[in-house]
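K.L.:
quick one: sequence and predicted model below, then my questions.
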Amino acid sequence: MYHKLGEAVLKTNERMEVGVMIAPDEPHSEEIKKFLGHKPGNYKWHIERCVVEVLDALETRFYVGKVDDRIITNIMTVEHQGIGILGHVFTMPEQRRKGACKGVMAYQMEDFRQRNGRALYLGTGYNSHPYHIYHSFGFRSVFPESGFMNYYVHEDFEERYFAPAPTHPKPVEWHDWPKVTALSGIVNGEALRSLVWNVYGPTNMEGGFLNFKHDLEAENIYGDAKLLIASDGAIVGWATVNRDTRWRPATAVLDLFFHPNFAKEVPALLSSVAFPDTKVQCYVDSSAKKKAEVLEAAGFTCEGRFKNQFTYGGQDYDVSVFARR
């Protein structure tokens, strides 16, 4: 379904129509697929699927600018319960430097607020031209000198969103995509968050979650994946089990990450995971004392410790290996 939101006047005095295509929308599917046809891999996989089918409760919107009824610029958001990722910002090369992106983004951001949006996340190059555009609309670096940015409608969003609440484990669904990024974006967690997803510190999971979801649907993972969800809908923890092909015979690697406010709820998350009938290892950095305690309580034992195994944020970290058979 396409809705016209208004118009913007470009620097060339051309009038640009601004509208939003809410997926799925088969009548407009070929138009948006062609415009974003340069997107690689699983980004393209999501675009091609969302325009023609419902992906659980995930909301995908394509905010477009049109001149002479032709799309010249786009901003996509994927959202659930007011939490979103902003991406696929693209303007046709010959239409750049006219203010088209800013014209669309002004409508997109107002629409997000009007729909009771709470938080948006995006990734760009730090101190780049796009970075300063996003900054002008209220986005800020998640941590200093980072192109991973967030926008909170209310400054105390994170404090309220991750407030202690009852939880339960659940399978991974499409609409968890932006909410997993809200969790991976917290700054008060340990450094090593996922070995398989290559997540160190606050990270934009726009691509990482999408790749993992593709592997889940293709049954390319070895083991299981569960999320911990709070009663208000926040994703507050993940536990994934994948084949560790570095070893023969293959062992399995458990990635476990959770918000510090929910450490007491994590045993239920681990209990919901179907572990394979093989050795399972979990790598725990020296800042993750709560994780080590949770694993020991779940029957994992520490097999060894690597000194100064990696560096993050200018700090060296030891890594302990916890295992169960």
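P.N.:
Noted; the coordinates are in hand.
K.L.:
now the helices for this structure?
P.N.:
Listed in chain order, the helices of the chain (DSSP state H) span 26-35, 41-50, 100-114, 129-136, 157-161, 177-184, 206-217, 266-271, 289-297.
K.L.:
go through those helices and name the closest to residue 315.
P.N.:
helix 289-297 (15.5 Å; Cβ to Cβ). In this view, the C-beta of every residue, glycine as well, is placed from N, C-alpha and C.
K.L.:
who does the nearest residue to residue 204 once chain neighbours are set aside bridge with?
P.N.:
Distance criterion Cβ to Cβ, 6 or more residues apart in numbering; nearest residue to residue 204, sequence neighbours excluded, is residue 123 at 4.1 Å. Beta-bridge pairing for residue 123 (DSSP bridges): residue 148.
K.L.:
hang on, residue 123 packs against residue 205?
P.N.:
No. Using Cβ atoms under 8 Å, residue 123 is not in contact with residue 205; the gap is 9.6 Å.
K.L.:
and these two? Which one has more around it.
P.N.:
Counted by other Cβ atoms under 10 Å, residue 123 and residue 205 do not tie: residue 205 has more neighbours, with 28 against 18.
K.L.:
got a list of what that one touches?
P.N.:
Residues in contact with residue 205 (Cβ atoms under 8 Å, 6 or more residues apart in numbering) are 177, 180, 181, 184, 197, 199.
K.L.:
ditto for residue 68
P.N.:
Contacts of residue 68 (Cβ under 8 Å, 6+ apart): none.
K.L.:
check it and give its pLDDT.
P.N.:
Note on residue 68: pLDDT of 96.
K.L.:
and for the one 3 residues further on?
P.N.:
For residue 71, the model assigns a pLDDT of 98.
K.L.:
deepest of the helices of the chain, which one?
P.N.:
helix 177-184 (a mean of 26; mean count of other Cβ atoms under 10 Å).
K.L.:
can you add distance to residue 254 and mean pLDDT and give the helices of the chain back as TSV?
P.N.:
Conversion of the helices of the chain to TSV gives the following (distance: least, Cβ to Cβ, whole Å; pLDDT from 0 to 100):
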stretch	distance to residue 254	mean pLDDT
helix 26-35	38	96
helix 41-50	23	97
helix 100-114	36	98
helix 129-136	35	97
helix 157-161	26	97
helix 177-184	17	98
helix 206-217	14	93
helix 266-271	8	97
helix 289-297	8	96
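K.L.:
and which of the contacts of residue 205 is nearest residue 119?
P.N.:
Using Cβ to Cβ, the contacts of residue 205 come closest to residue 119 at residue 181, 9.3 Å.
K.L.:
for the closest one, which non-adjacent residue is spatially closest?
P.N.:
Nearest one to residue 181, counting by Cβ to Cβ, 6+ apart, is residue 205 at 4.3 Å.
K.L.:
same thing with residue 249?
P.N.:
That would be residue 278: by Cβ to Cβ, 6+ apart, it lies 7.4 Å from residue 249.
K.L.:
what's around the one you found, how many residues?
P.N.:
Residue 278 - counted by other Cβ under 10 Å - has 15 other residues nearby.
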